Structures are given as structure tokens and as C-alpha cells.
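Q: 3D, please:
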Amino acid sequence: MTDLRRPTEWRGGHIIGVLFVALMAPAVVALLVTAVRTSDAPTVFVAVMFSLAVCAFLAGVLRERVIERVEPDIDSASGRVALRYDRIYDRLTRVALALAAVGGAVFVVLVPAGKLDLSLTPGQRVFFPVGVGVIVAAAAYGEYARRRNGPPTIFTDAETMTHRRTSSRTSFRWADITRIDAERIGSWPKRDVVIIETTEREKPYVLGDAPCYSPGGAALYWMLRFYWLNPDQRDEFTDNRAEKRLLSGDFPLE
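A: Numbers count the residues shown, from 1 in each chain. Modelled structure (predicted):
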């Protein structure tokens, strides 16, 4: 698709993405060293699962945040536009969670019994499985919620816009929206987000996963703002004109 200029308020996630990769890379090396130096099969299995999970997650971060090469997964065949996460990023994230959950489940079961070849103190044998168990439970629930509710998607039609996340859904009528702007929020690391204010909500709605839908989130932001400001163009959602406009980047940049 055509790359669009990001809003002036945004700075992108390149630096944070590079720092994250740099910080996590030693963890992969440490896990692989553990797998190589031990002859204990369960320990090798856990180390390999965790290292592959981290590699898959880092690959997703590189694609979404650093090189910003996500491709919109868009469908307009149902009389409305459905925009989903970039397919490769989505699959990398799911694979990372699945690998971490499998390795984590084995870790939780075997560590308290001392069945893994790891140098852990008695306290670590208690607290580490608890922390990993929380991660395993969160990963399992995330996949369950996704299968029940569907993948993260932004739906748009002539009357409404809906943001469906893994376990929740928020809808707005275009007529109720009073502001759509780009902002950079948070302390550190700051996030590039889309702010949506409406007459029906006291607090602004923060759409924080825009970079997962289009490179850097720019195309998604300009699309939402364009159709909010141009109600006479919203009939484009009923066929494939909105899809073509998004993929070609045919939006006026303010």
C-alpha cells in the first residue's frame, strides 16, 4: 500500500522497538546456551520453547514498530469495511503466545518438584512458577477470547464505527463524534494513539493499536478522520471504494 505521512503529533515506535529488541536478544542467547549445555530433555524443551517464543515476538515487534511494514487486512465484501491486524504480525504474536504457554506449562509443573536442570533458590522455585503461571493463563484466555469474539477488527459503515478488541467491543455513531485527533500519550514509553471524543462518552476513547492495522497507523488515522469530516463520502463503505482509497492512501493530509 501507499505509505502516508504520519500525523505531526506522532513520533513512531522505532527507538522503543530497537531498544526492546536489544534488551530481549540476550534472553534468547541465554536460553539457547541453557538448551545446549544441558542433557536434560525437559530443560531443553522448556528453553527451546521460550527462545522460539521470544524470537517470534521480536519478529513481530520489528515488523510493526521498527520497519513498519504491516499490510492492512481489509475486507469490504459484506457491505461494510472490516480492517484487521496485519496477518503476519498477528500470526507471529499468536505463535509466540502459544510457544510461551506450552513451555510455561511444563515449567510450572516441573520447577517446584526440582525436575528441571536450572540453578534456582528455594524461593525462586516457588515464585517463578507463579509468575509464569499467570502468563500461561493470560495467553490461554487471550486465545479463548479471540476464538469466541473474533480477531481485533475495526468495522466501519455509513452510520457507525466499531473497534473490536480481543475481549471487548466499542461502537460510535459517526454523528456523535466531535473529535478525532492524533496524540502521543503516556510517560515512558510514549504511545501514538488516535483520540475519539463523542457526545455519548464523558472521557475520550483511546485507540492505541493503530500501528497494527497500517504502517505506523497513519493510513488508519487519516481514513477515520476523512470519513468523519466528509459524511457525504461514507457511502463508499458499502462497496470497495473505501478499501481502494485506504490502500492507495487517497486522503487529504492536513
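
Q: who touches Gln135 in this structure?
A: Residue 135: Ile, not Gln. By Cβ atoms under 8 Å, 6 or more residues apart in numbering, the contact list for Ile135 reads Ala100, Ala101, Gly104. Just so you know, the C-beta spots here come from the backbone N, C-alpha and C atoms, and that holds for glycine as well.

Q: of those, buried ones?
A: Ala100, Ala101, Gly104 (16 or more other Cβ atoms under 10 Å).

Q: among the residues you listed, which lie within helices?
A: Ala100, Ala101, Gly104 (DSSP state H).

Q: quick one, strands of this protein?
A: 73-75, 81-84, 153-156, 160-164, 169-173, 177-185, 191-198, 205-207 (DSSP state E).

Q: out of these, flag the one nearest Gly17.
A: Relative to Gly17, the nearest member of the strands of the chain by Cβ to Cβ is strand 191-198, separated by 12.2 Å.

Q: in the closest one, what counts as buried?
A: Buried, per 16+ other Cβ under 10 Å, within strand 191-198: Arg191, Asp192, Val193, Val194, Ile196, Glu197, Thr198.

Q: ok, so of those, who is nearest Val130?
A: Proximity of the buried residues of strand 191-198 to Val130 (Cβ to Cβ) peaks at Arg191, which lies at 29.0 Å.

Q: that closest one contacts Gly208, doesn't it?
A: Yes - the pair Arg191 and Gly208 qualifies as a contact (Cβ atoms under 8 Å) at a distance of 5.7 Å.

Q: quick one on the thing from earlier: select, out of the strands of the chain, the one closest to Phe127.
A: Smallest distance to Phe127 across the strands of the chain (Cβ to Cβ): 30.2 Å, for strand 191-198.

Q: tell me the angle that closest one makes with strand 177-185.
A: 160 degrees (axes from the mean of the first three to the mean of the last three Cα atoms, to 10 degrees).

Q: what's strand 191-198 in contact with?
A: If you take Cβ under 8 Å, 6+ apart as the criterion, strand 191-198 is touched by 6-7, 9-13, 172-173, 176-185, 204-208, 210-211, 216-217, 220-221, 224.
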